[in-house]
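Engineer: here is a sequence together with a model predicted from it:
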There are 4 protein chains.
Amino acid sequence: MPVIRHRLDSKVLAGNVLGDPTERDLHVYVPPGYDPNGTTRYPTVLAITGFTGTGGMLFNVDPLTESLDHRLDRMIAAGALPPVIVAAPDCFTRVGGNQYINSTGTGRYEDYLVDEIIPFVDTHYRTIPRGQWAVFGKSSGGYGSIVLGMRRPDVFCALADHSGDAVFELCYVPDFPAALDAFRDAGGPAAWLDRYWRDPNHKRKEHMKPLNIVGMCTHYSANPEAPAAHLHADWPFDLETGAFRPDVWARWRQWDPVEMVAGHADNLKKLRAIYVDCGTKDEFALHWGARALVAELRRHGLTVVHEEFDDGHMNIPYRYDRSLPLLVDAIRATR
Amino acid sequence: MPVIRHRLDSKVLAGNVLGDPTERDLHVYVPPGYDPNGTTRYPTVLAITGFTGTGGMLFNVDPLTESLDHRLDRMIAAGALPPVIVAAPDCFTRVGGNQYINSTGTGRYEDYLVDEIIPFVDTHYRTIPRGQWAVFGKSSGGYGSIVLGMRRPDVFCALADHSGDAVFELCYVPDFPAALDAFRDAGGPAAWLDRYWRDPNHKRKEHMKPLNIVGMCTHYSANPEAPAAHLHADWPFDLETGAFRPDVWARWRQWDPVEMVAGHADNLKKLRAIYVDCGTKDEFALHWGARALVAELRRHGLTVVHEEFDDGHMNIPYRYDRSLPLLVDAIRATR
Amino acid sequence: MPVIRHRLDSKVLAGNVLGDPTERDLHVYVPPGYDPNGTTRYPTVLAITGFTGTGGMLFNVDPLTESLDHRLDRMIAAGALPPVIVAAPDCFTRVGGNQYINSTGTGRYEDYLVDEIIPFVDTHYRTIPRGQWAVFGKSSGGYGSIVLGMRRPDVFCALADHSGDAVFELCYVPDFPAALDAFRDAGGPAAWLDRYWRDPNHKRKEHMKPLNIVGMCTHYSANPEAPAAHLHADWPFDLETGAFRPDVWARWRQWDPVEMVAGHADNLKKLRAIYVDCGTKDEFALHWGARALVAELRRHGLTVVHEEFDDGHMNIPYRYDRSLPLLVDAIRATR
Amino acid sequence: MPVIRHRLDSKVLAGNVLGDPTERDLHVYVPPGYDPNGTTRYPTVLAITGFTGTGGMLFNVDPLTESLDHRLDRMIAAGALPPVIVAAPDCFTRVGGNQYINSTGTGRYEDYLVDEIIPFVDTHYRTIPRGQWAVFGKSSGGYGSIVLGMRRPDVFCALADHSGDAVFELCYVPDFPAALDAFRDAGGPAAWLDRYWRDPNHKRKEHMKPLNIVGMCTHYSANPEAPAAHLHADWPFDLETGAFRPDVWARWRQWDPVEMVAGHADNLKKLRAIYVDCGTKDEFALHWGARALVAELRRHGLTVVHEEFDDGHMNIPYRYDRSLPLLVDAIRATR
């Protein structure tokens, strides 16, 4: 059984504002032949999932989609990838997912990853440890990867940002009309979220846009002073009238990877590999986000592997076949 | 035959950058019993159409939609509306429609309406003339109505803004991803527009978003210095990478009715009637635009009739039954 | 003014079950240079519209779609089409349109066309008369064209069926689920139709499928004995349970052009021209209907011009540039 | 660990025409406190999944959807359900899923379930054995449940058909246009299926309709004499022209549960419980299928629990909270 499920009790997440559990799953994949008592050390990769996801889902059974453990087994068996450890934490929250940053609106998830998950894995597995980790993910997980790369080169030496959030005007603003309608119908974002969780079907199509905006707003413009009915966040559109609030939006933009490059270029230069891809039919326009991000990275002298492919945003884990070898090469190169 | 079609040759539009015709249709509805040689003078209303429209369409035959002439005949016969003259000009352009403002990217259409259309009608019909006109329209025509009311209280005394463009972040930004894709595919906005006009089907669904953005950009951020390949306009997203350009967007926002209120409150106070409505399922989120606009108008002490109704953006001329009596009352009250 | 609007009072339609008006518009296009007192006789074509349409709409103003009169003027001026008369009757009904057949559920519209419209035009215009007419239309108008060609070779010598209804399983059955839902919600088809006409917006998207099915059922399986609440028709699915009723469906199929060919092959052989086309992205799958129809026609030894093009079902009058010359050639060849 | 994964090697599936594996997963849930060496025997339920599914998916991790094991644990802990064993086999095939019948086009899956899966579970677990099993599932799994109940009352005493296929005209015919287009584009159904499996994204939206039709056709109108390019099946629409083939469709209809009731009423009367439900917004119109099925069952004197709820076809396992207690009660009642 190459995927081990751990239960970890977090101190970092204690008292989080959403009341999310502090005891969490952590799934760890170890390669064929892994010997916990051996001397070999393995490149180790942090896998962070997209919005509405959790690490364990990467190993789900689905006849139409190769699971991550089968993918890794196949690639390793074929010699396409050196043996590798992959750690997939659970960062799901009541607001529908995670952007993997510290926020008063959700919790200190950057810290959770860096201060609890990675040390745990470094302690219990034969990793090439902290400082030589890579991180990858799709969508919010791609976003988290590039942002963690920018902020924590002390931990990560390589990253893959698959279809990650960027150019927030293009990827988030189009969801606002439906979100504003839903919030108004429910009596505000907190009332909407309560109603959402009471619905036995959490995947109704009409829930997805308001949930996404709830998730993003509690990450990017959290404000402990804001009312609970507003989920302790400021909203970039007036919830009563729809009027745009440029000052709140400016706070979102500070978390847009394209805007963050300039302030983090020195950190990014410490990395050995940056991989960015996106499907050219991405339903959230993230192919434009990727292009803008890559252009900005290159403008700052950084080397990026940028790929595009003929697909949308969903069901594209086959892209990890492209990024994982590159990440592992980067880890091994740094030793 | 109560609708007369005129052909007018415009001086204002001569040399317009798009090469659009200067000889244009003007349709004028006169009420039953109208006598060009009589002494009665009639309230007169300017009708401006939505994007992709032209004045003559208001009188089109359609078993599923009452035409404007039949609507007016019916309302007048029922005593729901006093006899009225309605002038419906053609302001269609190569970029797909009109926002009824002066722009180097399209032409001086505010001037065209105010300096040519209205004087022509005042000269040839028994109007209650310039200064006592009302203006109404839907979508871009609603936008034009509120903006003309703000800018030209010397001409108009009342306006009805039906489902008009407002809060540009909500109504325009969601169209950008598809527009950027289309421009890239064609080799830029000018190349896209050429290709659009070569397609025998100008109404393909996939054309509508890029056409809308072409239309808006040539109105709101025209720049005579910008290259012809960019349609002599600056674009709020980098056409190569999708990166957001806040400076260009700021120019768009200067034309957002919500933002314009503060600078035009004194003008608006000269009006006798402001009517704003929108369906609560508007596909362009213009119900939020209307709410934000109305809130801002009221914040400046203005009186607005604001109505909402259970419908979307299309096929809603039945709403004119609400606004037209209000406009005509306002005209008559001013005498 | 090349398009003349007549008002005709019909005897054939008197007492029609839907209570539709018997006084109807007839629009007639005459070519440039037409002299009612001259000696020239012109090929004459009957234009019948799609569902929800009426003849007058063919001449509507629309900056994005060339009207039929402008199209004919342009083609004649360019020498692409000989001068021609086109008659466009109004056959709209309370069930949303017409299939141009005699039905107790709607009225005797085949008779109306053949016994009233065509004689009127032959009497008042310098036609090449009855027996040498062509007929064309799109969608329901394409359907009407092929069926009139099959049934009335005494009247027509050529036809063009653009995107016409065929293979009823593919083009109609997919609309039944939404129609059944709507009927159930309203309390039956008659109640639904009442509600439909009370809605000021007759073009709401959710109305289109039930309206289509109402229209087809009153044409294909009308039954004077059926209750008024069922619109005097039998329904191919049980309105309470959705159970399929093969016997009623068999009556629909008798009106499927593909099924009708075998019984009308001798009539069709009397025609000089049969033109069939459809866009390969037709939203009602009518490209398959056209293929099946053409295959069946050819299997019976008939000559058909069959064309496909890269477009859908809507906004495709540019296809008349292909068919009209062929129809007029056929008329002229028969003299 | 309450879910045990077995690997079974099937004799029944040996040599299946699709070349699908004969070694298969079987997941078995046992309740808290289950003692393989104890004396207690537990009601046992067969869980069969929807199209594109497999038994193991029922236990997948998803923060937005309670997995079946968590659901059972919760219900049992709350006293809402007696302790129960659930067996969830893998019946996935190369044509995208299973209808759980014997077909030359796929394999003998009814036999596989009845002759291999159930005996295995009866042998290795403390079941209330064969004859007292219940069966449930959603979509194709609902279809399989009602059909297995009709055909094998020797094995099953109760069934729950959640949103199961029925009234094939409503649930399958609407998928044919897209399927015919896809097959034509690929060069036939077998070529399409090859191409499908070569695409790394097996869940592209445009694949779903052709895959569904491939699956149904190989189940309902398989024909060993038909060419391999046609997947050894006859097609109810001519693949070249789209012409409807009533004789092939008649073979599909023999597998429509609504049509099967009359011939299986005696078998159904042997059951202790029949549960049927469907959401009233089912995207495949299966709420109509359920209504027609229930009406036909009742017409034959059968007792059915029929429920409707406000949801669509996807993400509705919360409905099992309704059916499972009823099934288990029926099993216990039969002892």
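Structural biologist: Sure, I can see it.

Engineer: use CA for all of it now, contacts and neighbours both
Structural biologist: Noted.

Engineer: ok, now which ones touch A:D154?
Structural biologist: A:R130, A:G131 (CA atoms under 8 Å, 6 or more residues apart in numbering or on different chains).

Engineer: can I take it that A:V28 is in a strand?
Structural biologist: Yes. The assignment for A:V28 is a strand, going by DSSP: H, G, I helix; E, B strand; the rest coil.

Engineer: for the nearest residue to A:Y42 once chain neighbours are set aside, phi and psi?
Structural biologist: Counting by CA to CA, 6 or more residues apart in numbering or on different chains, A:Y42 lies nearest to A:T127, which is 4.9 Å off, once chain neighbours are set aside. Note on A:T127: backbone dihedrals following degrees, to the nearest 10 are phi -80, psi 160.

Engineer: with A:N102 instead?
Structural biologist: phi -80, psi 130.

Engineer: cool, A:V276 as well?
Structural biologist: phi -130, psi 130.

Engineer: distance of it from chain D?
Structural biologist: Separation of A:V276 from chain D (CA to the nearest CA, to the nearest Å) stands at 19 Å.

Engineer: before we move on, what about A:N201?
Structural biologist: 6 Å.

Engineer: which helix or strand contains that residue?
Structural biologist: A:N201 is part of no helix or strand, with elements assigned from DSSP states H and E.

Engineer: which parts of the helix ranked longest in chain A are buried?
Structural biologist: For chain A, the longest helix by residue count, based on DSSP state H, is helix A:205-220. Going by neighbour count (16 or more other CA atoms under 10 Å in any protein chain shown), the buried part of helix A:205-220 is A:207-220.

Engineer: and the nearest residue to A:D25 once chain neighbours are set aside, how many neighbours does it have?
Structural biologist: Among residues not flanking A:D25 along the chain, A:R7 sits closest, at 4.7 Å (CA to CA, 6+ apart). For A:R7, the number of neighbouring residues by other CA atoms under 10 Å in any protein chain shown comes to 13.

Engineer: does A:R7 belong to a helix, a strand or coil?
Structural biologist: Quick answer, by three-state DSSP: A:R7 is strand.

Engineer: try the one 5 residues further on
Structural biologist: Per three-state DSSP, the local secondary structure of A:V12 is coil.

Engineer: now do the following helix or strand past the longest helix of chain A: distance to the chain's middle.
Structural biologist: Next in sequence after helix A:205-220, counting helices and strands by DSSP H and E, comes helix A:246-253. Distance, stretch centre to chain centre, for helix A:246-253: 21 Å (CA atoms, centre = their mean, to the nearest Å).

Engineer: mind listing what's buried in helix A:246-253?
Structural biologist: So helix A:246-253, judged by 16+ other CA under 10 Å, has buried residues A:V248, A:W249, A:W252, A:R253.

Engineer: tell me the helices and strands packed up against it.
Structural biologist: Under the contact definition 3 or more CA pairs under 8 Å, 6 or more residues apart in numbering or on different chains; DSSP states H and E, helix A:246-253 sits against helix A:205-220.

Engineer: just the mean pLDDT for the helix it packs on, thanks.
Structural biologist: Averaging pLDDT along helix A:205-220 yields 98.

Engineer: just the CA trace of it, in PDB.
Structural biologist: Below are the C-alpha coordinates for helix A:205-220, written out as PDB (Å, rounded to 0.1, in the frame of the first residue of the first chain):
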ATOM      1  CA  LYS A 205     -23.900  24.200 -10.300                       C
ATOM      2  CA  GLU A 206     -25.500  27.400  -8.900                       C
ATOM      3  CA  HIS A 207     -23.400  27.100  -5.800                       C
ATOM      4  CA  MET A 208     -20.000  27.200  -7.400                       C
ATOM      5  CA  LYS A 209     -19.600  30.900  -8.300                       C
ATOM      6  CA  PRO A 210     -20.700  32.200  -4.900                       C
ATOM      7  CA  LEU A 211     -18.600  29.600  -3.100                       C
ATOM      8  CA  ASN A 212     -15.600  30.600  -5.200                       C
ATOM      9  CA  ILE A 213     -16.100  34.300  -4.300                       C
ATOM     10  CA  VAL A 214     -16.600  33.500  -0.700                       C
ATOM     11  CA  GLY A 215     -13.400  31.600  -0.700                       C
ATOM     12  CA  MET A 216     -11.400  34.300  -2.400                       C
ATOM     13  CA  CYS A 217     -12.700  37.200  -0.400                       C
ATOM     14  CA  THR A 218     -12.000  35.500   2.900                       C
ATOM     15  CA  HIS A 219      -8.400  35.000   1.700                       C
ATOM     16  CA  TYR A 220      -7.600  38.300  -0.100                       C
END
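
Engineer: number of nearby residues for the closest residue to chain D within the stretch 101-250 of chain A?
Structural biologist: The nearest approach of the stretch 101-250 of chain A to chain D comes at A:H202, 5.5 Å away (CA to the nearest CA). As a burial measure, A:H202 scores 20 neighbours (other CA under 10 Å).

Engineer: do I have it right that it meets A:Y196?
Structural biologist: Yes. With contact defined as CA atoms under 8 Å, A:H202 counts as touching A:Y196 (6.7 Å).

Engineer: secondary structure element holding A:C278?
Structural biologist: Residue-wise, A:C278 maps onto strand A:273-279 under DSSP H and E.

Engineer: now whichever helix or strand comes after that strand and strand A:273-279, what's the angle there?
Structural biologist: Where DSSP H and E defines the elements, the next helix or strand beyond strand A:273-279 is helix A:286-299. Going by axes from the mean of the first three to the mean of the last three CA atoms, to 10 degrees, helix A:286-299 is angled at 150 degrees with respect to strand A:273-279.

Engineer: may I see the buried residues of the next helix or strand after helix A:286-299?
Structural biologist: Later in the chain than helix A:286-299, the nearest helix or strand by DSSP H and E is strand A:305-309. The neighbour-count check on strand A:305-309 (16+ other CA under 10 Å) flags A:H306, A:E307 as buried.

Engineer: before we move on, what about stretch A:121-131?
Structural biologist: In stretch A:121-131, counting by 16+ other CA under 10 Å, buried: A:V121, A:Y125, A:R126, A:T127, A:I128, A:P129, A:R130, A:G131.

Engineer: contacts only, for the closest residue to the third one other than its chain neighbours.
Structural biologist: Translated: A:R126. Distance criterion CA to CA, 6+ apart; nearest residue to A:R126, sequence neighbours excluded, is A:R41 at 4.9 Å. Under the criterion of CA under 8 Å, 6+ apart, the neighbours of A:R41 are A:R126, A:T127, A:I128.

Engineer: which element, helix or strand, includes the residue most central in space within chain A?
Structural biologist: Central residue of chain A (CA atoms, centre = their mean): A:G141, 2.1 Å from the mean position. Using DSSP H and E, A:G141 falls within helix A:140-151.

Engineer: check the offset of stretch A:303-310 from the chain's centre.
Structural biologist: With CA atoms, centre = their mean, you get 18 Å for stretch A:303-310.

Engineer: and what of stretch A:26-40?
Structural biologist: Here stretch A:26-40 is found 24 Å from its chain centre; the criterion is CA atoms, centre = their mean.

Engineer: contacts for that stretch?
Structural biologist: Stretch A:26-40 is touched from outside by A:2-8, A:55-56, A:69, A:72-73, A:76, A:83-90, A:125-126, with contacts defined as CA under 8 Å, 6+ apart.
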